[in-house]
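Novice: Turn this into a model:
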Amino acid sequence: MVWRVGLLTAAVSLWWAVGLQVEAAYGVNILKYTETLPSTSSASSPIEILRGLGYWFFYGASDQTGNWTQTAVAYTQQLWLVFLTLAIPTAAFVAAALLKWRQRSYFILLVVVGLVLAVGPYPYYTPSGVSALIKAFMLATTPGLAFRSTDRALPLVLLGLAVLFGAGVTAVTRRATTKGWIIAGLAGVAIAGASAPLWTSGGVVSELTQPATPPSYVVQAVDTLDHTQPGTRVYAIPGNNFGACRWGDTIDTVYPGLLQRPFITTSNRPWARCPPPICSRPPTPPSKRASSTPPPSPRWPR
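Specialist: I've put the predicted structure just below:
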């Protein structure tokens, strides 16, 4: 059974493993130009992990959009919601301590291992013994840095807590039918209450919305570009990754999905390994590029 599960896991993981291999061979050094280890480990405290939170992006904010995730406001500032998200794992721990059943040890181990992995190097500047080992592994090795978003082990914690919590509710309903069903109902209300932002449409940042159809002037621009020198590519400058328009904030530009011709633009990260003077130099306009004398080839560092 174990080898079958392993084989199935390997087979269904090919889609992302192949993509990562291609990116590693031909793409940008994503680990160098994206979030750092201090950033990803800034919020993965044990308490937040047990609450089902702890992902660094969840707590982010900017002057333009406010909180990157609207639910972060409720989960960090509304005391009743904080209480519910702490009460549920507490009840799961009580059930784990009082109940005896065959698979209990497995799910307790699942919570412990998942918690250690999800917390990772937190707190970054004063880590504990285990966290210090995880931090050293991530700083010293490329595979370790690739796993810097340690809170992705959070599902292990949630699965273990959910089963332990459910086992406790089941045991209560079997021993005291009437009171047990009342407790089961309260448990369901607590779970629904802990997910309150999902019922209030708070999962989407209001400033990061856009109409289903772009404005007419965007559609007209696309139509003009499609019928102007169709044998060439459209080069958009400056790059507008994370750009915002008056009609909406789409994060990524909408033009690749609207145009019927090739489209290229720059990004917010360098997409080539070259000396800073060359990478930072603005591109030569197409009108000057044809008439100017080609510059000598730069000497790339080895």
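
Novice: Now do stretch 185-203, average pLDDT.
Specialist: Taken as a whole, stretch 185-203 carries a mean pLDDT of 82.

Novice: With just CA atoms, put it into PDB.
Specialist: What follows is stretch 185-203, C-alpha atoms only, in PDB (Å, rounded to 0.1, in the frame of the first residue of the first chain):
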ATOM      1  CA  GLY A 185     -24.500  21.800  17.200                       C
ATOM      2  CA  LEU A 186     -22.400  24.300  19.100                       C
ATOM      3  CA  ALA A 187     -19.300  22.900  17.600                       C
ATOM      4  CA  GLY A 188     -20.700  23.400  14.100                       C
ATOM      5  CA  VAL A 189     -21.700  27.000  15.000                       C
ATOM      6  CA  ALA A 190     -18.200  27.600  16.300                       C
ATOM      7  CA  ILE A 191     -16.600  26.400  13.100                       C
ATOM      8  CA  ALA A 192     -18.900  28.500  11.000                       C
ATOM      9  CA  GLY A 193     -18.300  31.500  13.200                       C
ATOM     10  CA  ALA A 194     -14.500  31.000  12.900                       C
ATOM     11  CA  SER A 195     -15.000  31.200   9.200                       C
ATOM     12  CA  ALA A 196     -17.200  34.300   9.400                       C
ATOM     13  CA  PRO A 197     -15.200  36.400   6.900                       C
ATOM     14  CA  LEU A 198     -16.000  33.800   4.200                       C
ATOM     15  CA  TRP A 199     -19.700  34.500   4.700                       C
ATOM     16  CA  THR A 200     -19.300  38.300   4.500                       C
ATOM     17  CA  SER A 201     -17.400  38.500   1.200                       C
ATOM     18  CA  GLY A 202     -14.300  39.700   3.000                       C
ATOM     19  CA  GLY A 203     -12.000  37.400   1.100                       C
END
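
Novice: what does the host helix or strand of residue 191 contact?
Specialist: Counting by DSSP states H and E, the element that carries residue 191 is helix 177-194. For helix 177-194, the surrounding residues in contact (CB atoms under 8 Å, 6 or more residues apart in numbering) are 80-81, 84-85, 87-88, 91, 165, 169, 172-174, 199. To be clear about C-beta, it is placed using only N, CA and C from the backbone, and glycine gets the same treatment.
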